[in-house]
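[1] quick one, structure for this:
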Amino acid sequence: HWEEDALERSKQSYRASHESLQKNLEGKSTEAIMESMTDEDDRFLSVDVDTVNNVTLEDAKTAIMSQLQPRNLEISVAGDFDVQEVLDMMLKYVGSISPDANSEFDLEKEEEDISAEKKSLPKVFGSVPVSDTGGEFLELELSDPDPRAIAYVAGSAPNMWGTLADGTTVAERVMAADKSQSDYDQRRRSHPLFANVSLALLSEIINRRLFSNVRERKQLTYDANFSLTGFERLAGGWFLVTVTASIENSQKALEACKETLEVLRKSSRVTADNLESAKRVLINRHSGELRSSSYWATLMSGIQEESIPLKGPLSVTDYTAVVEAITVKDLQLALECLGLDDAELYTAIGRTVIPEGFVIDPEIVKANPMAGMGRGGALMG
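    Residues are numbered from 1 along each chain as shown. Next comes the predicted model:
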């Protein structure tokens, strides 16, 4: 049963989430930079109040039921169980569902009936949007008595499996750039996991470099983080460097993050030590998580999906071997698949401003510096 009061409760939750985002420095700043990078593509932004209010019960029903198509169902089971018993249960509870259940909500079937004119339109929903204007610097202020700032450096990147927004892949670009590659190089780079593992290793190395340069050497922050969006089906994605800092140091921290990325490309490139340390982290993390049933289920999820062609049994069985096989040259070439040119970077600084009329209590004792901020601190290893 589809109930209006249930829809209203859901709407209230979304409205509260959006309103909370507007009052949060980190959330509002992230939203601003995503608006800029996506040309305000609603698929990648928070759902605003007007959109939520306009959703009808019929809209919600159609959206949900259109996803519940038997042909799209994939079941991944991991754990300690009797295989035949589970198969019998699947047949009983899932196998009895008619193949054409919910066919009246099948949007793909409706698309087959559209006019030839509409069929000729470009298909844009399979990739992230690519801005024609290049990078941009944004500044944002939020009224808040707690003085703080956050800075971002962002740009284009491949998706989780190495496909870029234009349809090319990390493997293709790396092989095209290496004119002297051997047959072994070509075989390694043709493995379905090559791009996935290379991007994971790069993320680990970049995070270590940010920690070393922005925090330990320049002491501009206590937290700098590099991450990738990790889309599996959409072609393309973005990287995002997030750095928290004092208002006074926010611009310096932003520049230090940009410098770290630029230096990694040119003057202080990926080293063998960088690579070996990153490999240990990935292999140890993978080995540890293999003890979890939920991790196994995640690894298997999507293996049968045509929309994720590179995700298959080899992504489970060959993971450690591919990690071990990656070379420094592989990573240096893969790094060039990120949009790191200065003209392509999207940067932003969000700062709080003290509300008008707000008076800071002079009796409040200034906090001591955070442990580990100085050289030789708690986090020095």
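[2] pLDDT score for the most centrally placed residue in the chain?
    The central residue of the chain, meaning the one whose C-alpha is nearest the mean C-alpha position (C-alpha atoms, centre = their mean), is residue 229 at 1.4 Å. In the prediction, the pLDDT value recorded for residue 229 is 93.
[3] measure it to residue 286 for me?
    Here the criterion is C-beta to C-beta, to the nearest Å. By it, residue 229 lies 21 Å from residue 286. In short, each C-beta sits where N, CA and C put it, glycine included.
[4] from what I see, residue 249 and residue 220 are in contact.
    Yes. With contacts counted by C-beta atoms under 8 Å, residue 249 reaches residue 220, the gap being 4.9 Å.
[5] so for those two, which residue has more residues nearby?
    Comparing residue 249 with residue 220 by other C-beta atoms under 10 Å, the one with more neighbours is residue 220, at 25 against 19.
[6] isn't residue 218 up against residue 256?
    Yes. With contact taken as C-beta under 8 Å, residue 218 and residue 256 are classed as touching, separated by 5.3 Å.
[7] okay, these two: which has more neighbours?
    For the pair residue 218 and residue 256, the greater number of neighbours falls to residue 256 (23 against 16), based on other C-beta under 10 Å.
[8] what is the helix or strand containing the more buried one packed up against?
    Assigning secondary structure by DSSP states H and E places residue 256 in helix 250-265. On a contact count with 3 or more C-beta pairs under 8 Å, 6 or more residues apart in numbering; DSSP states H and E, helix 250-265 meets strand 149-157, helix 194-210, strand 237-245, strand 346-353.
[9] next one: the longest one to chain centre, how far?
    This points to helix 194-210. Remark: helix 194-210 is offset 13 Å from the chain centroid, using C-alpha atoms, centre = their mean, to the nearest Å.
[10] what comes up buried for that helix?
    For helix 194-210, the buried set under the neighbour-count rule, 16 or more other C-beta atoms under 10 Å, comprises 194-207, 209-210.
[11] which of the residues you listed lies closest to residue 95?
    Distance ranking of those against residue 95, using C-beta to C-beta, places residue 196 first at 33.1 Å.
[12] mind checking pLDDT for the closest one?
    For residue 196, pLDDT reads 97.
[13] what's the answer for residue 245, then?
    Here the pLDDT value assigned to residue 245 is 93.
[14] got a list of what the closest residue to it other than its chain neighbours touches?
    Taking C-beta to C-beta, 6 or more residues apart in numbering as the measure, residue 245 lies nearest to residue 253, with 4.0 Å between them; neighbours along the chain are not counted. Neighbouring residues of residue 253 by C-beta atoms under 8 Å, 6 or more residues apart in numbering: 151, 214, 220-221, 224, 243, 245.
[15] would JSON lines of the helices and strands packed on helix 250-265 with distance to residue 331 be doable?
    Compiled in JSON lines, these are given as follows (distance: least, C-beta to C-beta, whole Å):
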{"stretch": "strand 149-157", "distance to residue 331": "14"}
{"stretch": "helix 194-210", "distance to residue 331": "6"}
{"stretch": "strand 237-245", "distance to residue 331": "14"}
{"stretch": "strand 346-353", "distance to residue 331": "23"}
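[16] out of the ones you listed, nearest to residue 55?
    Across these, residue 55 has its closest neighbour in strand 237-245 (27.5 Å, C-beta to C-beta).
[17] picking up where we left off before, could I get the helix holding residue 256 in PDB with only the CA atoms?
    C-alpha atoms of helix 250-265 as PDB (Å, rounded to 0.1, in the frame of the first residue of the first chain):
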ATOM      1  CA  SER A 250      42.800  28.600   4.600                       C
ATOM      2  CA  GLN A 251      44.300  30.100   1.400                       C
ATOM      3  CA  LYS A 252      47.800  28.800   2.300                       C
ATOM      4  CA  ALA A 253      46.400  25.300   2.900                       C
ATOM      5  CA  LEU A 254      44.600  25.400  -0.500                       C
ATOM      6  CA  GLU A 255      47.800  26.400  -2.300                       C
ATOM      7  CA  ALA A 256      49.800  23.700  -0.400                       C
ATOM      8  CA  CYS A 257      47.300  21.100  -1.600                       C
ATOM      9  CA  LYS A 258      47.600  22.300  -5.200                       C
ATOM     10  CA  GLU A 259      51.400  22.300  -4.900                       C
ATOM     11  CA  THR A 260      51.400  18.700  -3.600                       C
ATOM     12  CA  LEU A 261      49.500  17.500  -6.600                       C
ATOM     13  CA  GLU A 262      51.700  19.500  -9.000                       C
ATOM     14  CA  VAL A 263      54.900  18.300  -7.400                       C
ATOM     15  CA  LEU A 264      53.800  14.700  -7.600                       C
ATOM     16  CA  ARG A 265      53.300  15.100 -11.400                       C
END
